[in-house]
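>>> Fold the following and give me the result.
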Amino acid sequence: MFLKRITLQQETISSCQKYPFTIPAIKNLRELNITSNITFFAGENGSGKSTLLEAIAEKAGFNTAGGGRNNVYHVEAAESALADYIRLSWLPKVTNGFFLRAETFYQFASHIDEVEATHAYGGRSLHQQSHGESFLSLFQHRFHQKAIYLLDEPEAALSPQRQLAFMRVLHDLSTDGNSQFIIATHSPILLGYPDSDIFSFDNGEISKVNYEETDHYQITKSFLDNRERYLHELFKNEE
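Predicted structure coming up:
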């Protein structure tokens, strides 16, 4: 592991009435200790998990539009609103890594074509592959050891089968301790990665939870076990 701790510098906050401190989990953050090479941020939309991940990316020196330190291009509204208020504690600090934003991946792929760097991604333009194929090409060809990877909803382009393939990538890179991943996700498949830490951003705070305690697991399992009942409740007014 490289990133050990994330601290919100409360003394630098002038007002909690402005974004991002209107997000309860962010406002109530004091110190978050990272103790696993694979860490997941989970929570509802708007709970703050992507906001914190983006701030970590900016403090680490990555392009907040998506990419590493050397990927220079701009996407509107990609700047972090939180980065100036957090402190990262490293041991040792690494400069290699990557920040993946699912919603700006198209712009990142265009940037790679413009700088003629497709050789680093399997030799094919990311635009000439399906969304899922291009994501896996990124993971398989761009991700190496001794680096930190910050991934915002990587499951967005991955089928369940490819999410399992991605879990193998996580395993291969992190087993010897030379790669660290922090992943914001809604995927009950990815959250099931063994021996990982899961931080929930729900209920107005950031707290470590077990896999089976996440809403993602509970709702998915309940739906699969009781599909007909769920569908009946959802559509009963149409009968």
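>>> wouldn't residue 2 be in contact with residue 92 here?
Yes - counting by CB atoms under 8 Å, residue 2 touches residue 92, with 6.5 Å between them. In this view, the C-beta of every residue, glycine as well, is placed from N, C-alpha and C.
>>> looking at this protein, which helix or strand does the model trust least?
Ranking every helix and strand in the chain by mean pLDDT, DSSP states H and E puts helix 105-114 at the bottom, with a mean of 55.
>>> where along the protein do the strands fall?
3-8, 31-33, 38-42, 86-90, 97-101, 147-152, 179-184, 197-200, 207-209 (DSSP state E).
>>> List the buried residues in the fifth one.
Read that as strand 97-101. 97, 98, 99, 100, 101 (16 or more other CB atoms under 10 Å).
>>> And the second one, how close does it get to residue 180?
Which is residue 98. Distance check for residue 98 against residue 180: by CB to CB, to the nearest Å, it reads 12 Å.
>>> Please give me every residue in contact with residue 185.
40, 41, 42, 151, 153, 154, 155, 191 (CB atoms under 8 Å, 6 or more residues apart in numbering).
>>> Specify the beta-bridge partners of the fourth one.
Here residue 151 sits in beta bridges with residue 100, residue 183, as judged by DSSP bridges.
>>> now swap in the third one and tell me
Beta-bridge partners for residue 42, by DSSP bridges, are residue 200.
>>> Give me the pLDDT for it.
At residue 42, the model reports a pLDDT of 97.
>>> Could you check how many residues crowd around it?
Neighbourhood size, residue 42 [other CB atoms under 10 Å]: 26.
>>> how close does it get to residue 236?
30 Å.
>>> ok, back up a step: which members of the contacts of residue 185 are classed as buried?
For the contacts of residue 185, a neighbour count by 16+ other CB under 10 Å gives the buried set as 40, 41, 42, 151, 153, 154, 155, 191.
>>> residue contacts, the first one?
It refers to residue 40. So residue 40 contacts 182, 183, 184, 185, 190, 191, 193, 196, 197, 198, 199 (CB under 8 Å, 6+ apart).
>>> at 10 Å instead, please
Counting by CB atoms under 10 Å, 6 or more residues apart in numbering, residue 40 touches 49, 151, 181-185, 187, 190-193, 196-200, 209, 211, 214, 216.
>>> which residues does the closest residue to it other than its chain neighbours contact?
Closest residue in space to residue 40, ignoring its immediate chain neighbours: residue 198 at 4.6 Å, by CB to CB, 6 or more residues apart in numbering. Residues near residue 198 by CB under 10 Å, 6+ apart: 36, 38-42, 183, 185, 191-192, 207-211, 213-214, 216-217.
>>> quick check: angle from the longest helix seen in the chain to strand 147-152?
Counting residues, the longest helix found in the chain (DSSP state H) is helix 160-174. Note on geometry: by axes from the mean of the first three to the mean of the last three CA atoms, to 10 degrees, helix 160-174 and strand 147-152 are set 150 degrees apart in direction.
>>> so how far is helix 160-174 from its chain's centroid?
14 Å (CA atoms, centre = their mean, to the nearest Å).
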